[in-house]
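Visitor: what follows is a protein structure lacking sequence information:
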């Protein structure tokens with residue numbers, strides 16, 4: 001990401017105008033294209049200034065994230081001027097995983113994408129999707145190194161994050177950051193206390209952000225033509241905020257919902273959000289405020305999910321976290337069977353190799369205490385009893 005820390009953090013408030021100026025100065029471009037992004041950006045910036053209680057380090061790092069998204073936008077507009085044929089790419093999204101956070105969705109996406117017939121975004125591609133130079137032979141290596149440096153910074157700033165999420169610059173990961181470049185994602189809510197922005201997002205039309213997501217997927221596929229013969233596997237809990245848009249944007253995709261007992265999901269998610277939030281603030285009780293915010297947010301997401309099931313149930317497949325852990329390959333076979341994909345020996349071999357090379361053993365254990373967030377398991381059970389009744393026990 002650009003080094004904007006000194007210039008921006010010297011101000012008490014984050015300024016949209018200053019962010020735009022910094023992005024233009026950093027990459028030498030001025031055309032942002034369609035200005036629909038300004039409305040969500042302004043809402044986010046206002047919420048950051050008034051609610052997030054950002055520390056100087058938080059102001060610096062979160063400003064840098066916004067500037068990076070703006071730079072990607074500038075570069076995308078310029079890139080498409082030079083290579084308009086990129087928009088002719090056909091994106092074949094075969095599956096979209098929409099499970100709640102902490103339900104095994106990352107594990108499932110990475111396992112599926114190991115198939116030679118499937119693909120997904122790699123973390124470095126979502127942060128730095130646009131070439132930063134004209135040298136196509138070495139540019140991806142430059143961006144990978146930038147991403148690896150960023151991963152190191154994140155793990156240094158966010159306490160115990162490596163025990164919570166397997167962050168790896170070159171691994172497959174959710175495309176949420178691509179959506180974030182449109183400033184319409186729940187990523188900011190997981191890193192800062194911005195409830196006004198979160199409320200606005202739930203009421204917003206996200207179709208433009210998903211159109212831009214498809215543009216980014218076309219750009220990534222154009223950069224790696226082998227993907228033209230593969231189906232994309234998308235994944236993000238964010239998709240639960242825009243299910244009607246997801247169903248419309250990817251009409252041929254199977255929607256996979258990963259489920260886990262809510263009393264396991266929420267405490268783990270509180271811990272992850274708390275770790276990210278406290279890397280950006282020194283305010284007291286903000287982790288508790290985040291826990292309350294996300295409890296209400298995920299409640300609304302689940303209610304919306306169940307309503308959508310009533311109108312498009314044939315588009316969905318349910319997988320339980322415990323079944324996924326017990327027999328991950330069997331979960332993949334259920335997906336292939338539901339979609340009608342033939343299972344090939346290459347798929348089975350890839351799944352086996354991936355599982356043998358990616359175990360939980362080499363990461364620290366995730367330790368957390370729900371009492372740290374002023375919540376109780378009984379309160380969670382009562383509020384989400386409708387969801388626990390829906391998912392039932394694992395097989």
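Guide: Structure received. Predicted, not measured: the structure shown is a model, and the values here were computed from it. Numbers count the residues shown, from 1 in each chain.
Visitor: and the one helix or strand residue 155 maps to, what does it pack onto?
Guide: Using DSSP states H and E, residue 155 sits within helix 139-157. Applying 3 or more CB pairs under 8 Å, 6 or more residues apart in numbering; DSSP states H and E, one finds that helix 139-157 makes contact with helix 123-127. (Each C-beta comes from the backbone N, C-alpha and C, glycine too.)
Visitor: please redo it, this time with the cut-off set to 10 Å
Guide: helix 56-82, helix 123-127, helix 262-278 (3 or more CB pairs under 10 Å, 6 or more residues apart in numbering; DSSP states H and E).
Visitor: tell me, how many neighbours does the residue nearest to residue 306 when sequence neighbours are not counted end up with?
Guide: Nearest residue to residue 306, sequence neighbours excluded (CB to CB, 6 or more residues apart in numbering): residue 390, at 6.6 Å. For residue 390, the neighbour count with other CB atoms under 10 Å is 14.
Visitor: how about residue 223?
Guide: 17.
Visitor: my guess is it meets residue 128, correct?
Guide: No. Under the criterion of CB atoms under 10 Å, residue 223 makes no contact with residue 128, lying 11.5 Å away.
Visitor: still on that earlier bit, highest mean neighbour count out of the helices and strands packed on helix 139-157?
Guide: helix 123-127 (a mean of 23; mean count of other CB atoms under 10 Å).
Visitor: quickly list what's touching both of residue 223 and residue 128.
Guide: Contact criterion CB atoms under 10 Å, 6 or more residues apart in numbering; residues shared by residue 223 and residue 128: 139, 140.
Visitor: pLDDT weak spots in the protein?
Guide: 1-12, 135-138, 158-165, 360-364, 394-395 (pLDDT under 70).
Visitor: ranges for the strands of the chain?
Guide: Per DSSP state E, the chain carries strands over the ranges 93-97, 118-119, 231-235, 254-259, 316-320.
Visitor: can you put those in JSON lines and add mean neighbour count and distance to residue 287?
Guide: As requested, the strands of the chain are exported to JSON lines (neighbours: other CB atoms under 10 Å; distance: least, CB to CB, whole Å):
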{"stretch": "strand 93-97", "mean neighbour count": "24", "distance to residue 287": "27"}
{"stretch": "strand 118-119", "mean neighbour count": "24", "distance to residue 287": "36"}
{"stretch": "strand 231-235", "mean neighbour count": "25", "distance to residue 287": "26"}
{"stretch": "strand 254-259", "mean neighbour count": "24", "distance to residue 287": "25"}
{"stretch": "strand 316-320", "mean neighbour count": "19", "distance to residue 287": "29"}
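Visitor: which one of the ones you listed lies closest to residue 24?
Guide: In terms of CB to CB, the element of these nearest to residue 24 is strand 231-235, at 31.0 Å.
Visitor: for the closest one, the distance to its chain's centre please.
Guide: 13 Å (CA atoms, centre = their mean, to the nearest Å).
Visitor: so what does that strand touch, helix or strand wise?
Guide: Looks like strand 231-235 contacts strand 93-97, helix 105-113, strand 118-119, helix 176-180, helix 207-223, strand 254-259 (3+ CB pairs under 10 Å, 6+ apart).
Visitor: quick one: contacts for the residue nearest to residue 190 when sequence neighbours are not counted?
Guide: Take residue 190 and drop its neighbours on the chain: the residue closest to it by CB to CB, 6+ apart is residue 273, 5.2 Å away. By CB under 10 Å, 6+ apart, residue 273 lies in contact with 101, 164, 189-193, 287, 290-291, 293-294, 373.
Visitor: residue 151 versus residue 209, what's the distance?
Guide: Shown here: residue 209 relative to residue 151, a distance of 25 Å by CB to CB, to the nearest Å.
Visitor: hmm, I was thinking of residue 168
Guide: Taking CB to CB, one finds residue 168 at 7 Å from residue 151.
Visitor: quick check: neighbours shared by those two?
Guide: 123, 124.
Visitor: who's more crowded, those two?
Guide: residue 151 (19 against 16).
Visitor: quick one, phi/psi of the nearest residue to the more buried one once chain neighbours are set aside?
Guide: Nearest non-adjacent residue to residue 151, counting by CB to CB, 6+ apart: residue 169, 4.9 Å away. Main-chain dihedrals, residue 169, degrees, to the nearest 10: phi -60, psi -30.
Visitor: from what I can see residue 169 touches residue 148, true?
Guide: Yes. Counting by CB under 10 Å, residue 169 touches residue 148, with 4.4 Å between them.
Visitor: between these two, which contacts overlap?
Guide: 123, 124.
Visitor: of the two, who's got more company?
Guide: residue 169 (21 against 14).
Visitor: give me the number of residues near the closest residue to residue 16 other than its chain neighbours?
Guide: Excluding the flanking residues, the one nearest residue 16 by CB to CB, 6+ apart is residue 45, at 5.1 Å. Number of residues near residue 45 (other CB under 10 Å) recorded here: 23.
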